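Student: Provided below are the primary sequence and the corresponding predicted coordinates.
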Amino acid sequence: MRPDIAELFELDPALTHLNHGAFGAVPRVVREAQDRARARIEGAPMRAFRDELPDAIAAAREQAAAFVEVPTDSAALVRNVSEAVAVVLESLSIGLGDDVVVSNHGYPTVSLAVQARGGSTREARFGLGASTAEIVAAFTEALTPDTRLVVIDQITSGTALVLPVREVAAAVAPVPVLVDAAHVPGALPVDVEALGVAFWAGNLHKWAFAPRSSAVLWVEAQRRGGVRPLVTSWSHGSPYPASFDLQGTVDHSAWLAIPEAVAFWHDLGGWRNVERNADVLQRGARHVATALGTVGEPSGIPSPPCMTLVPLPDGAAATPDGAEALWQQLHAAGFLAPPGSFEGRGYVRLAAQAYNDDDDYARLAETLVSLVGRA
Ligand SMILES: Cc1ncc(COP(=O)(O)O)c(C=O)c1O
């Protein structure tokens with residue numbers, strides 16, 4: 001870990017953190033900003049909720065929209081992508097008899113949200129080496145006359161891939177597309193409005209350094225009138241996206257710290273920091289794969305700058321139970337790096353953030369070789 005950068009965070013120094021994508025890490029200054037917001041509210045809750053929060057939330061929302069480079073009136077604040085997905089499913093009244101197309105790389109809880117409402121999910125299936133044409137074909141082949149929505153992950157979680165959202169959206173039109181962009185804000189530059197999709201939702205707590213419970217839901221102009229928050233409260237009747245600002249008495253302090261998080265992302269170097277992390281990650285992943293003897297295996301689909309899969313030797317973490325056991329062994333050895341299996345093959349997903357350096361991956365390589373051997 002880079003000590004000068006690691007000290008800006010509050011991560012446990014006894015561990016090597018190679019999994020920033022999972023839950024992010026809140027920088028000290030951002031946590032302090034959230035603490036200040038809480039203290040201000042506690043100083044006079046009545047004043048805060050009555051007179052201050054409406055404007056402060058609107059300002060945070062505007063900063064979040066600016067951060068993902070979309071117009072102020074197009075993006076609402078939500079607590080996480082799961083909430084955004086629920087909002088979208090409700091806005092389309094997804095239920096019994098409706099199909100929603102997801103992919104075999106999609107985040108499992110999105111499918112659960114569809115199924116919990118009585119809808120059915122159909123899977124677009126493709127492998128790690130798929131071409132754009134094959135991915136597009138997988139999505140179009142999964143469509144049925146009952147398909148009401150297509151969900152595509154812009155950065156996949158388990159497999160760390162960047163999927164061709166624009167091409168898939170064009171191919172499945174006029175079926176509306178929801179982009180699960182949970183990993184995207186602060187990790188991948190995107191022109192959201194040019195994707196040709198109906199909905200786009202991204203977490204700010206992963207790569208944008210915001211406290212957890214901070215996410216953005218973007219909705220295309222013609223659908224904004226039909227999108228409502230899950231909880232009806234004092235913002236009811238306000239136009240989208242202000243309609244999402246007040247959903248009863250909850251802790252708004254995470255949203256209030258979004259401006260500090262955005263400032264921290266810029267102070268670290270913004271996209272230059274992302275490029276630096278991508279270099280460290282590529283070198284680190286190559287080093288780990290070389291040590292394991294698995295260099296040169298799949299991936300036709302590009303990886304995002306921030307996360308990538310490294311194949312493990314045959315048989316290692318090849319099942320969910322095997323992956324869980326390896327997670328526990330890595331944790332016991334002082335590493336947070338998630339193993340996972342995809343189509344019977346084991347991988348470890350590596351991430352890079354500013355606090356990581358080459359040494360983190362070199363030490364992980366040694367440990368992995370001692371745990372799973374060489375191919
Ligand atoms: C691709 C993807 N979608 C959705 C989610 C759900 O995000 P949350 O738990 O913040 O709602 C995650 C979380 O890691 C994710 O990686």
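Tutor: Happy to help now that I have it. Remember, predicted model here, so these are calculated numbers, not experimental data. Numbers count the residues shown, from 1 in each chain.

Student: shouldn't residue 189 be in contact with residue 271?
Tutor: Yes: assessed by C-beta atoms under 8 Å, residue 189 is found in contact with residue 271 at 6.4 Å. Where C-beta positions appear, they are placed from N, C-alpha and C, glycine not excepted.

Student: shared neighbours of the two, anything?
Tutor: Common contact partners of residue 189 and residue 271 (C-beta atoms under 8 Å, 6 or more residues apart in numbering): none.

Student: And for the closest residue to the ligand within the stretch 251-375 of the chain, the neighbour number?
Tutor: Here the stretch 251-375 of the chain gets closest to the ligand at one residue, residue 307, 9.9 Å apart by C-beta to the nearest ligand atom. Neighbour count for residue 307, taken as other C-beta atoms under 10 Å: 30.

Student: which residues does the residue of the stretch 201-350 of the chain found nearest the ligand contact?
Tutor: Here the residue of the stretch 201-350 of the chain nearest the ligand is residue 203; by C-beta to the nearest ligand atom that distance is 4.9 Å. Applying C-beta under 8 Å, 6+ apart, we find residue 203 in contact with 24, 80-81, 182-183, 185, 214-215.

Student: got the residues of this protein near the ligand?
Tutor: Residues of the chain lying close to the ligand (C-beta under 6 Å from any ligand atom) are 80-82, 107, 153, 157, 180, 182-183, 203.

Student: Keep only those of those that are in strands.
Tutor: Mapping the residues of the chain next to the ligand onto strands (DSSP state E) picks out 153, 180, 203.

Student: ok, what's across the strand from the last one?
Tutor: When you say that, I think you mean residue 203. Taking DSSP bridges as the rule, residue 203 bridges to residue 215.

Student: same deal with the second one?
Tutor: Using DSSP bridges, the bridge partners assigned to residue 180 are residue 153, residue 201.

Student: so it touches residue 105, yeah?
Tutor: No: the pair residue 180 and residue 105 fails to qualify as a contact (C-beta under 8 Å) at a distance of 10.1 Å.

Student: ok, these two, which is more surrounded?
Tutor: Taking other C-beta under 10 Å, residue 180 and residue 105 do not tie; residue 180 has more neighbours (29 against 25).

Student: got the contact list for the residue of the stretch 251-375 of the chain closest to the ligand?
Tutor: Per C-beta under 8 Å, 6+ apart, neighbours of residue 307: 21, 155, 160, 183, 281, 349-352.
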